[in-house]
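Undergrad: just need the structure, nothing else, for what follows:
(one chain, ligands or ions: 3)
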Amino acid sequence: MKYYHPDDSLMLHTDLYQINMAKTYWEDGIHNRKAVFDLYFRKLPFKNGYAIFAGLERAIHYLNELRFTESDIRYLKEMEYDDGFIDYLANLRFSGTVRAMHEGEIVFNNEPIMQIEAPLAEAQLVETALLNIVNYQTLIATKASRIREVVGEGAALEFGTRRAQEMDAALWGTRAAYIGGFDATSNVRAGKLFGMPVSGTHAHSFVQAYRDDYTAFRKYAESHRDCVFLVDTYDTLRSGVPAAIQVAKEMGDQINFIGIRIDSGDMAFLSKEARKMLDEAGFPNAKIVASSDLDEYTIFHLKAQGAKIDSWGVGTKLITAYDQPALGAVYKIVAIEDEHGQWQDTIKISGNAEKVTTPGRKKVYRIINRLNHKSEGDYITLWDEDPQSEEKLKMFHPVHTFISKYVTNFEAKNLLQDIFVDGKLVYEIPELDEIKAYAQKNLDILWDEYRRILNPEEYPVDLSQKCWDNKMRNIEEVKKKTDALREKPGF
Ligand SMILES: Nc1ncnc2c1ncn2[C@@H]1O[C@H](COP(=O)(O)OP(=O)(O)OP(=O)(O)O)[C@@H](O)[C@H]1O
Ligand SMILES: O=P(O)(O)OC[C@H]1O[C@H](OP(=O)(O)OP(=O)(O)O)[C@H](O)[C@@H]1O
Ligand SMILES: O=C(O)c1cccnc1
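TA: Ligands and ions are numbered 1, 2, ... in the order given. This is a model prediction of the structure:
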């Protein structure tokens, strides 16, 4: 590959404005002031009732390996940056503290899923890459979880690599899909790198190359033990399924006849007819795999029509998050140290209530009812609060504050765990299967009303009274300042 400079680092996988801000901070001598940034999204994707957080492992590797390589520095020298600033960058390592939710955690809008507390310039430089990683992987894990909810007992297979937005998306997307509940991928590289199960059948080209279904299936069976025959190249019911049955009978115990795949036509009708044919031929355990532009809606409808489909191959609509191609998570500064080392809140005001940031260093708790083990909602507090010490917790909607409830007999689970402390990785990264199991098991704490794929109930993400009061105080302060400015002549 003929690159202008070698591709040996992710450090410059950032927006130019981050480096430009860092340059000013450095020249002004405030680059090492600690700042806190919250990473969160404002709207759940796909109108779903929850999202599944994915991307933490890649984010950890990114931060752990963060440094400007010689080629990064060479490239920056070609730009306008002066030697002093470049020397600072050349020695930079990530020295901050990172707290994050467990990868695979069920997460909601307007709550920090990652929190970066780091020297201002460092925290700023990593924004773009962190958002890039978390936005995409969380989006795909959530889409996968929706599909998983509809598939139910059947197998969900990820087939999207050929249609993904390039190779990184295929690779990390399929890992996210696995966390969200898929059982396997067709991407062999993902199997190699992540230890995920890989599975696959064969293509239409294989049948076309042998000219007819029977010859193709027979040849495949002679060179493979596990066989799934693709039966829709010419005529599913007249030639594909009969050929599959004939080969399965001829080969007997020499093969493991797993089943057939249907990739076009009316898959409700075809699967029911194929099921009858397989049963009558003595293959009641042969599975039927369906693929072709599937998503949670087509799968739902095929099931409603009584389709006899056991496994679902899903590609394009999963890996590209076809109906909502971006999540929109943001990274907002909520506190910064002043010259005396005291934390000062920061806030961003907006005419839209949802877009006003929640200032201060915060914690996020999941309030779990001890009697039924279901979640009552998430509860955001200021840093020094401990909801567990309260007998009776008042939870109220952060915008429509009259919507409120009291919760007793609860467990307050602290959701943000230490990942890095002062630049040192203190977190043991779980195995991928553990992350996947965590995601699946955690869904049980949600009432079904939050899990349905169509018009789910809104899950409560509330601010503690103290956190809410602090936000209002900050809004008032900014308002006073801007009002005072308006009274000055010239404004
Ligand atoms: N019984 C069904 N109910 C609802 N949707 C179905 C049913 N059977 C198939 N589908 C879906 O309808 C769409 C059919 O697409 P389309 O007619 O373009 O192609 P096809 O039948 O797959 O054939 P080809 O791939 O050869 O063009 C696919 O998204 C498929 O998942
Ligand atoms: O429809 P998706 O959800 O994206 O699933 C992946 C699709 O990719 C393959 O088709 P393709 O036409 O690329 O190759 P084929 O000749 O093997 O069918 C496969 O048969 C599926 O239809
Ligand atoms: O193994 C399959 O059947 C497969 C793999 C990728 C895309 N479509 C189908």
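
Undergrad: from now on I want contacts and neighbour counts done on CA atoms only, so please keep to that.
TA: Fine.

Undergrad: output the set of residues of the chain in proximity to ligand 1.
TA: Taking Cα under 6 Å from any ligand atom as the criterion, the neighbours of ligand 1 within the chain are 263-268, 292-294, 298, 301-302.

Undergrad: repeat that for 5 Å
TA: Within the chain, the positions near ligand 1 by Cα under 5 Å from any ligand atom are 264-268, 292-294.

Undergrad: find the closest residue to ligand 3 in the chain.
TA: Distances from the chain to ligand 3, computed as Cα to the nearest ligand atom, single out residue 200 as the nearest residue at 3.1 Å.

Undergrad: next one: the nearest residue to that residue once chain neighbours are set aside from ligand 1, what distance?
TA: Beyond its immediate neighbours in the sequence, the residue positioned closest to residue 200 (Cα to Cα, 6 or more residues apart in numbering) is residue 186, lying 5.6 Å away. From residue 186 across to ligand 1, the span is 19 Å (Cα to the nearest ligand atom, to the nearest Å).

Undergrad: ok, now which ones touch residue 186?
TA: The contact partners of residue 186, taken as Cα atoms under 8 Å, 6 or more residues apart in numbering, are 157-161, 198-200.

Undergrad: just the buried residues of those.
TA: With neighbours counted using 16 or more other Cα atoms under 10 Å, the contacts of residue 186 contain these buried positions: 157-161, 198, 200.

Undergrad: poorly predicted segments of the stretch 1-150 of the chain, please.
TA: Regions of the stretch 1-150 of the chain meeting the criterion pLDDT under 70 are absent.

Undergrad: which parts of it are strands?
TA: Defined through DSSP state E, counting those that start in this stretch, the strands belonging to the stretch 1-150 of the chain, from first to last, are 34-41, 51-52, 97-100, 106-107, 114-119.

Undergrad: next, format the buried ones among the contacts of residue 186 as CSV and append pLDDT.
TA: Formatted as CSV, these follow (pLDDT from 0 to 100):
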residue, pLDDT
157, 98
158, 98
159, 98
160, 98
161, 98
198, 98
200, 97
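
Undergrad: touching ligand 2 at all, stretch 254-271?
TA: No: where contact is defined by Cα under 5 Å from any ligand atom, no part of stretch 254-271 touches ligand 2; the two come within 5.6 Å at best.

Undergrad: so what touches that stretch?
TA: Contact partners of stretch 254-271, identified using Cα under 8 Å, 6+ apart, comprise 201, 221, 224-232, 236-237, 241, 244, 248, 285-292, 302-303, 305-309.

Undergrad: show me which of these neighbour ligand 2.
TA: Contacts with ligand 2 are made by residue 292 out of the contacts of stretch 254-271, judged by Cα under 5 Å from any ligand atom.

Undergrad: put the buried members of the contacts of stretch 254-271 into a ChimeraX selection.
TA: The following ChimeraX selection, which keeps only the buried ones among those, applies the criterion 16+ other Cα under 10 Å:
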select :221,226,227,228,229,230,231,232,236,237,241,244,248,286,287,288,289,290,291,292,302,307,308,309
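
Undergrad: hmm, back to that, from the buried ones among the contacts of residue 186, which single one is nearest residue 129?
TA: Within the buried ones among the contacts of residue 186, proximity to residue 129 (Cα to Cα) peaks at residue 161, which comes in at 22.2 Å.

Undergrad: name the nearest residue to that closest one, sequence neighbours excluded.
TA: Leaving aside its sequence neighbours, residue 161 sits nearest to residue 170 (Cα to Cα, 6+ apart; 4.8 Å).

Undergrad: pretty sure that neighbour sits against residue 159.
TA: No: with contacts defined as Cα atoms under 8 Å, residue 170 does not count as touching residue 159, sitting 9.6 Å away.

Undergrad: up against ligand 3, what does the protein have?
TA: By Cα under 5 Å from any ligand atom, the residues of the chain that approach ligand 3 are 159, 200-201.

Undergrad: how does it look with 6 Å?
TA: Within the chain, the residues that sit near ligand 3 (Cα under 6 Å from any ligand atom) are 159, 186, 200-202.

Undergrad: closest to residue 446 among these?
TA: Using Cα to Cα, residue 159 is the member of these that lies nearest residue 446, at 28.9 Å.

Undergrad: which residues does that closest one contact?
TA: For residue 159, the residues meeting the contact criterion (Cα under 8 Å, 6+ apart) are 185-187, 313-316.

Undergrad: most neighbours of all these, which one?
TA: The member of the contacts of residue 159 surrounded by the most neighbours (other Cα atoms under 10 Å) is residue 185, with 28 neighbours in all.

Undergrad: who does that residue bridge with?
TA: According to DSSP bridges, residue 158, residue 198 are recorded as the beta-bridge partners of residue 185.

Undergrad: A helix includes residue 220, no?
TA: Yes: when the secondary structure is assigned by DSSP: H, G, I helix; E, B strand; the rest coil, residue 220 falls within a helix.

Undergrad: residues near it, how many?
TA: The burial metric for residue 220, expressed as a neighbour count using other Cα under 10 Å, is 19.

Undergrad: give me the distance between it and residue 360.
TA: Residue 220 sits at a distance of 63 Å from residue 360 (criterion: Cα to Cα, to the nearest Å).

Undergrad: and for residue 201?
TA: For residue 201, the distance to residue 360 under the criterion Cα to Cα works out to 53 Å.

Undergrad: likewise for residue 189?
TA: For residue 189, the distance to residue 360 - Cα to Cα - is 43 Å.

Undergrad: more neighbours: these two, which one.
TA: The residue with the greater number of neighbours, taking residue 189 and residue 360 and applying other Cα under 10 Å, is residue 360; the counts read 25 against 14.

Undergrad: what about residue 31? Give its phi and psi, please.
TA: Listed backbone geometry of residue 31 is phi -60, psi -30, with angles given as degrees, to the nearest 10.

Undergrad: so it touches residue 25, yeah?
TA: Yes: with contacts defined as Cα under 8 Å, residue 31 counts as touching residue 25 at a distance of 4.6 Å.

Undergrad: so which of the two has more stuff around it?
TA: Taking neighbours as other Cα under 10 Å, residue 31 and residue 25 compare with residue 31 leading, 21 against 16.

Undergrad: residues in contact with that one?
TA: Taking Cα under 8 Å, 6+ apart as the definition, contacts of residue 31 comprise 22, 25, 119-122.

Undergrad: show me where the stretch 1-150 of the chain has helices.
TA: 16-28, 56-64, 70-77, 83-90, 120-125, 127-151 (DSSP state H, counting those that start in this stretch).

Undergrad: helices and strands around the shortest one, which ones?
TA: In this case it means helix 120-125. Contact analysis of helix 120-125 by 3 or more Cα pairs under 8 Å, 6 or more residues apart in numbering; DSSP states H and E lists helix 16-28, strand 34-41 as its packing neighbours.

Undergrad: what angle sits between the first one and helix 83-90?
TA: Just to be clear, that refers to helix 16-28. Compare the direction of helix 16-28 with that of helix 83-90 by axes from the mean of the first three to the mean of the last three Cα atoms, to 10 degrees and you get 120 degrees.

Undergrad: ok, now how distant is the residue nearest to the spatial centre of the chain from ligand 2?
TA: When Cα atoms, centre = their mean is applied to the chain, the residue found nearest the centroid is residue 138 (1.2 Å). Distance check for residue 138 against ligand 2: by Cα to the nearest ligand atom, it reads 20 Å.

Undergrad: then residue 150?
TA: Distance of residue 150 to ligand 2, computed by Cα to the nearest ligand atom: 15 Å.

Undergrad: counting neighbours, what do you get for that residue?
TA: By the other Cα under 10 Å criterion, the neighbourhood of residue 150 contains 19 residues.

Undergrad: likewise for residue 450?
TA: 17.
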